[in-house]
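K.L.:
pasted the sequence and its predicted model underneath.
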Amino acid sequence: MQVYLVGGAVRDELLNRPVIDKDYVVVGATIEQMLSLGYTQVGKDFPVFLHPTSKAEYALARTERKQGQGYGGFICDFSPDISLEQDLYRRDLTINAIAKNEQGELIDPFNGQQDIKNRLLRHVSPAFSEDPLRILRVARFAARYHYLGFTIAPETLKLMSEMVQKGELFTLTKERIWMEVEKSLADGCIATFSDVLKSIGALERVFPMFKKWHGSLSTSLNDKVSQLSKDNYNFKLIQFCLWLAPCQLEDLHNIEQTLKVPNKYALCARDFCQYRALFDAQPLSATVILKLFNALDIWRRPERFEIFCDAIQADKPNDLEAVNTLKKAAQNAIAVDVQSIIAQGYKGAQIKEQLGQARQQAIQAQL
């Protein structure tokens, strides 16, 4: 039984990037052997085990044979006679097909180290075309490592384009697509991710709300995202709003279902796209601001308003004063005490009317 560190951990170590997760492949072992050593099996499609103490993932070396279309439909062989090279052969890119043994020696049968030096994303084998998810993964890697000068090898880009034209992307589940989008958002690279998909004719197929995407949009988005702090709790949500800014509001309806976008992302994007134009007409009146506050339901959903303000500030950095005024107006309006209105003897609909007037006056005091 031999254990090798594989994939992203080896790649990022060679790129002098932080290594977040470590994955291992085990050659020459059986399920029974792994269990006898105290590993816990997870996953149903193929044997992956958690180390008894570190909880790192250890997978038995395997080969895959395609049966059917799309992301699924693979038949896996994980017998103990599968070699390390056979396991690495099934991987997507050469830079992800490098292993390191327990002595620290690199095993690189597909010249991944050379491709790292050449800043090239190149597929390992023709088997790449059997998994359409790899189109999105390569676009994500191209975006993540764009700052290092990485490009996609022409033959790999051609293969990706051919897969798109064959309709392979339509076999992916919306959940799998969203996972790749969210990872690109976490990297802060959604603009470059979109550029790659656009170049192979995939962007509008996967994200039909983008009726147009061009270089100036990408450049503008990259510039705005570069000014954001990744430490901001809402970093991904803000970037998602900025990404969808060119889209028509009607195209964002029901994206929770059509694209399986989480509710909080969909709501924030619609808020931003619907109300961002208000800031084109300065100054805002107390009446308009109160309508905005009611629409965003700042009384019960203050976090929704917070994300909206963060997105507006990122989109319009020159309007910082207007955003700060809006935040102070919100504090004033929220501070209005409904109990004091009730204590004055108002009842039923009168309470709502008086509350609205008091909130508008509180907003006006800040303007």
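P.N.:
That came through, no problem. Source: prediction; values computed, not measured.

K.L.:
where do the helices of the stretch 151-300 of the chain begin and end?
P.N.:
Applying DSSP state H, counting those that start in this stretch to the stretch 151-300 of the chain gives helices spanning 154-165, 174-187, 190-199, 203-206, 215-226, 235-244, 255-258, 263-275, 286-296.

K.L.:
now do the buried residues in the fourth one.
P.N.:
Judged by neighbour count using 16 or more other Cβ atoms under 10 Å, the buried positions of helix 203-206 are 203, 206. For glycine as for every other residue, the C-beta is placed from the backbone atoms N, C-alpha and C.

K.L.:
for the first one, same thing?
P.N.:
Of the residues in helix 154-165, those with enough neighbours to count as buried (16+ other Cβ under 10 Å) are 156-157, 159-160, 163-164.

K.L.:
could you dump these into JSON lines with distance to S229 added?
P.N.:
What follows is those, written out as JSON lines (distance: Cβ to Cβ, whole Å):
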{"residue": "T156", "distance to S229": "34"}
{"residue": "L157", "distance to S229": "33"}
{"residue": "L159", "distance to S229": "37"}
{"residue": "M160", "distance to S229": "33"}
{"residue": "M163", "distance to S229": "37"}
{"residue": "V164", "distance to S229": "35"}
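
K.L.:
before we move on, the earlier item: looking at the helices of the stretch 151-300 of the chain, spot the one closest to R134.
P.N.:
Each of these has some distance to R134 by Cβ to Cβ; the shortest is helix 154-165, at 7.9 Å.

K.L.:
tilt between that closest one and helix 190-199?
P.N.:
80 degrees (axes from the mean of the first three to the mean of the last three Cα atoms, to 10 degrees).

K.L.:
returning to that earlier point: out of the helices of the stretch 151-300 of the chain, the one nearest L37 is which?
P.N.:
Nearest of the helices of the stretch 151-300 of the chain to L37, taken as Cβ to Cβ: helix 174-187 at 31.1 Å.

K.L.:
just give me how far that closest one sits from the chain centre.
P.N.:
In terms of Cα atoms, centre = their mean, to the nearest Å, the centre of helix 174-187 is set 3 Å apart from its chain centre.

K.L.:
that one packs against which elements?
P.N.:
The elements that helix 174-187 packs onto, with contact taken as 3 or more Cβ pairs under 8 Å, 6 or more residues apart in numbering; DSSP states H and E, are helix 133-144, helix 190-199, helix 235-244.

K.L.:
so where is the stretch 51-200 of the chain shaky, pLDDT-wise?
P.N.:
Within the stretch 51-200 of the chain, the ranges that satisfy pLDDT under 70 run 66-75.

K.L.:
can you rerun that using 80?
P.N.:
For the stretch 51-200 of the chain, the stretches flagged by pLDDT under 80 are 64-76.

K.L.:
pretty sure C241 contacts C268?
P.N.:
Yes: using Cβ atoms under 8 Å, C241 is in contact with C268, at 5.7 Å.

K.L.:
which residues do these two both contact?
P.N.:
Residues within reach of C241 and of C268 at once, by Cβ atoms under 8 Å, 6 or more residues apart in numbering, are 307, 311.

K.L.:
just send the helices and strands packed on helix 174-187 back as TSV, with distance to K328 too.
P.N.:
Shown next, in TSV, are these (distance: least, Cβ to Cβ, whole Å):
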stretch	distance to K328
helix 133-144	38
helix 190-199	31
helix 235-244	21
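
K.L.:
turn the ones you listed into CSV, columns for distance to Y4 and mean neighbour count.
P.N.:
Output for the helices and strands packed on helix 174-187, formatted as CSV (distance: least, Cβ to Cβ, whole Å; neighbours: other Cβ atoms under 10 Å):
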stretch, distance to Y4, mean neighbour count
helix 133-144, 21, 23
helix 190-199, 30, 23
helix 235-244, 33, 24
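
K.L.:
domain-wise, how is the protein divided?
P.N.:
The chain breaks down into these domains under automatic domain parsing: 1-115, 276-364.

K.L.:
and the shortest one, how far out from the chain's middle?
P.N.:
For domain 276-364, the distance between its averaged C-alpha position and the chain's averaged C-alpha position is 31 Å (Cα atoms, centre = their mean).

K.L.:
quick one: end-to-end distance for it.
P.N.:
The straight-line separation of the ends of domain 276-364 (Cα to Cα, to the nearest Å) is 21 Å.

K.L.:
what sits against Y346?
P.N.:
By Cβ under 8 Å, 6+ apart, the contact set of Y346 is Q354.

K.L.:
ramachandran angles for it?
P.N.:
Per-residue torsions, Y346: phi -70, psi 150 (degrees, to the nearest 10).

K.L.:
any idea how far it is from E353?
P.N.:
8 Å (Cβ to Cβ, to the nearest Å).

K.L.:
list the contacts of D310.
P.N.:
With Cβ under 8 Å, 6+ apart, D310 has these contacts: 232, 234, 237-238.

K.L.:
quick check: the farthest pair among these?
P.N.:
N232 and L237 (9.1 Å).

K.L.:
out of the buried residues of helix 154-165, which is nearest to R205?
P.N.:
V164 (6.7 Å).

K.L.:
skip the chain neighbours and tell me the closest residue to the closest one.
P.N.:
A202 (4.7 Å; Cβ to Cβ, 6 or more residues apart in numbering).

K.L.:
I figured the one you found hits P132, correct?
P.N.:
No: the pair A202 / P132 is not scored as a contact, 9.7 Å apart, by Cβ under 8 Å.

K.L.:
find the residues that touch each one of these two.
P.N.:
With Cβ under 8 Å, 6+ apart, A202 and P132 have common neighbours L169.

K.L.:
ok so Y24 is a helix residue?
P.N.:
No: counting by DSSP: H, G, I helix; E, B strand; the rest coil, Y24 is not part of a helix but strand.

K.L.:
so what sits opposite it in the bridge?
P.N.:
Beta-bridge partners recorded for Y24 (DSSP bridges): L5, Y58.
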